[in-house]
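Asks: What follows is a predicted protein model with its sequence.
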Amino acid sequence: MAVPPLVLASASPRRRDLLAQIGIRPTEIRAADLDENPLKGETPRALAARLSQAKARAVAKQRPDALVLAADTVVALGRRILPKAESDAEVRHCLGLLSGRRHRVLTGLCLIHSDGRMVSRTVETLLRFKRLDDAEIAAYLRCGEGLGKAGGYAIQGRAAVFVAWLGGSYSNVVGLPLAETAQLLRGFGYPLWPEN
């Protein structure tokens, strides 16, 4: 039975690069345009799961012939969901909250097959930032890496020096937990070691 083409339901270049790291190149990248604001009282885990499933369903309607992979990453401090920082002020606020504290990064994964089967999973990584001083936060703001990132930082960049401890999947913090993604794809018969 032929495996349908893989469509990545995400505009994130980090997710595309992570898939390429394990030899997977989606046939198409097609982002879903959704309201990503949390619902009243919604937990971080529920938000990540809901958004990944909504993205997968939206793109599967457009590409019913495809295997659609969607993901959504949420940074949480306790039950508090940190924003995708859109300004220097938001980056500064997020880093101030995370300084010297533990937080969680949760990524909801959803895979929909062209035959209608759907699987989803949420992966959690725990991190602790060292205590950040004003000069470190100011330097990070100048580099601009935190803009557009959940929680106001990118672990794969200069913010790596903030991480004092990490428990779980590193690639999850970047935006796509590779072991779990590979397991879901393998379950739907997608070749992880294509001969190309």
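Replies: Perfect, thanks for sending it. Numbers count the residues shown, from 1 in each chain.
Asks: Count the residues that sit near Leu34.
Replies: 13 (other Cβ atoms under 10 Å). Every residue, glycine included, has its C-beta placed from N, CA and C.
Asks: residue ranges for the strands of the chain, please.
Replies: 6-8, 28-29, 67-77, 80-82, 102-112, 118-129, 163-167 (DSSP state E).
Asks: could you dump those strands to a markdown table with distance to Leu39, mean neighbour count and mean pLDDT?
Replies: Formatted as a markdown table, the strands of the chain follow (distance: least, Cβ to Cβ, whole Å; neighbours: other Cβ atoms under 10 Å; pLDDT from 0 to 100):
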| stretch | distance to Leu39 | mean neighbour count | mean pLDDT |
| --- | --- | --- | --- |
| strand 6-8 | 25 | 22 | 97 |
| strand 28-29 | 27 | 16 | 96 |
| strand 67-77 | 13 | 26 | 97 |
| strand 80-82 | 11 | 17 | 97 |
| strand 102-112 | 14 | 24 | 98 |
| strand 118-129 | 16 | 18 | 98 |
| strand 163-167 | 28 | 13 | 98 |
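Asks: Between the two ends of stretch 184-192, what distance do you get?
Replies: Counting by Cα to Cα, to the nearest Å, you get 11 Å between the two ends of stretch 184-192.
Asks: no, scratch that, I was asking about stretch 21-41
Replies: 37 Å.
Asks: list the buried ones in that stretch?
Replies: Along stretch 21-41, these residues count as buried under the neighbour rule (16 or more other Cβ atoms under 10 Å): 24, 26, 29-30, 32, 36.
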